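**Student:** I'll drop the sequence and a predicted model, then ask my questions.
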Amino acid sequence: MYDDDLSNLEDWIRRLKIEYHIFFTGNRKKPPEDLRMRVETLVKKLSESTDMNYTQRFRFSTLVTRFYVYRDLWRRTTQEREMDVISKEAAVPKSDTSASSAKIPAEAIRITISDPKTEEEKVRQLYDALIRIKSKESQQTPISYQQFSKYIATQTQGIQKKHGCSKVAFTIALDENAIRFTATAETR
């Protein structure tokens, strides 16, 4: 009775792994959400089944474990890609050929953060400054505050661990046509 569902689940997980590989290599624009939802729906349906025999239950547990490991890997890889995009957007100079943008004066904000979770107001100030500066440069859709705060937390922890410091100074500056976003260890 459940053997067909388990075979479908196994095939779908294998296909989902391939589809995500294609997505992460850049040959597909969107992640395979529809197939992932089908897998999750089938997993839920089968997890609510109480009349599976021991062999079917073991097979199901193995497949679900494999799916959860893959799902966590896909989630982490997606987050890393989003963080790469955020850091590249902040570091890459924006090209604008209009004469008015060349006349914008250099503008900078520097904020020192020791713990982004407890200093959320400082993270918000940094985010607002980035959005304000970015809006002068382009009409691109800004990154979300949640993505930005995760990025700041990751950068803060990494720099603190690498340099053994307690604070990290973040600087956002508009210099000609480039947005410069830097994070440095604060030794004072």
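**Tutor:** The structure has been received and is ready for your questions.
**Student:** what residues go with each domain of the chain?
**Tutor:** Here the domain parsing of the chain from automatic domain parsing is 3-87, 96-186.
**Student:** Next, count neighbours for residue 83.
**Tutor:** Neighbouring residues of residue 83 were enumerated by other CB atoms under 10 Å; the total is 16. For glycine as for every other residue, the C-beta is placed from the backbone atoms N, C-alpha and C.
**Student:** Just confirm it contacts residue 150, I think it does.
**Tutor:** Yes. With contact defined as CB atoms under 8 Å, residue 83 counts as touching residue 150 (7.3 Å).
**Student:** ok, back up a step: got the domains of the chain as TSV, with mean pLDDT columns?
**Tutor:** Compiled in TSV, the domains of the chain are given as follows (pLDDT from 0 to 100):
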stretch	mean pLDDT
domain 3-87	90
domain 96-186	75
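**Student:** chain center to stretch 65-79, what's the gap?
**Tutor:** Centre-to-centre, stretch 65-79 and its host chain are 13 Å apart (CA atoms, centre = their mean, to the nearest Å).
**Student:** Show me what counts as buried in it.
**Tutor:** Applying a neighbour-count criterion of 16 or more other CB atoms under 10 Å, the buried positions in stretch 65-79 are 67, 70, 71, 74.
**Student:** Identify all contacting residues around it.
**Tutor:** Contacts of stretch 65-79 with the rest of the structure, by CB atoms under 8 Å, 6 or more residues apart in numbering, involve 9, 13, 16, 17, 20, 24, 31, 36, 39, 43, 150.
**Student:** roughly how far apart are the closest residue to the second one other than its chain neighbours and residue 171?
**Tutor:** I take that to be residue 13. Among residues not flanking residue 13 along the chain, residue 67 sits closest, at 5.2 Å (CB to CB, 6 or more residues apart in numbering). Separation of residue 67 from residue 171 (CB to CB, to the nearest Å): 43 Å.
**Student:** Show the contacting residues for residue 170.
**Tutor:** Contact criterion CB under 8 Å, 6+ apart gives 110, 111, 112, 113, 126, 152, 155, 181, 182, 183 as the residues in contact with residue 170.
**Student:** How about it: which residues does it bridge to?
**Tutor:** When bridges are called by DSSP bridges, residue 170 pairs up with residue 111, residue 183.
**Student:** With the one 4 residues further on instead?
**Tutor:** Following DSSP bridges, residue 174 is listed with bridge partners residue 107, residue 179.
**Student:** Where do the strands of this structure begin and end?
**Tutor:** If you assign secondary structure with DSSP state E, the strands in the chain sit at 107-113, 167-175, 178-186.
**Student:** burial count for the closest residue to residue 38 other than its chain neighbours?
**Tutor:** If you skip the residues right next to it in sequence, residue 38 has residue 12 as its closest partner in space, 6.3 Å away by CB to CB, 6+ apart. Counted with other CB under 10 Å, the neighbours of residue 12 add up to 19.
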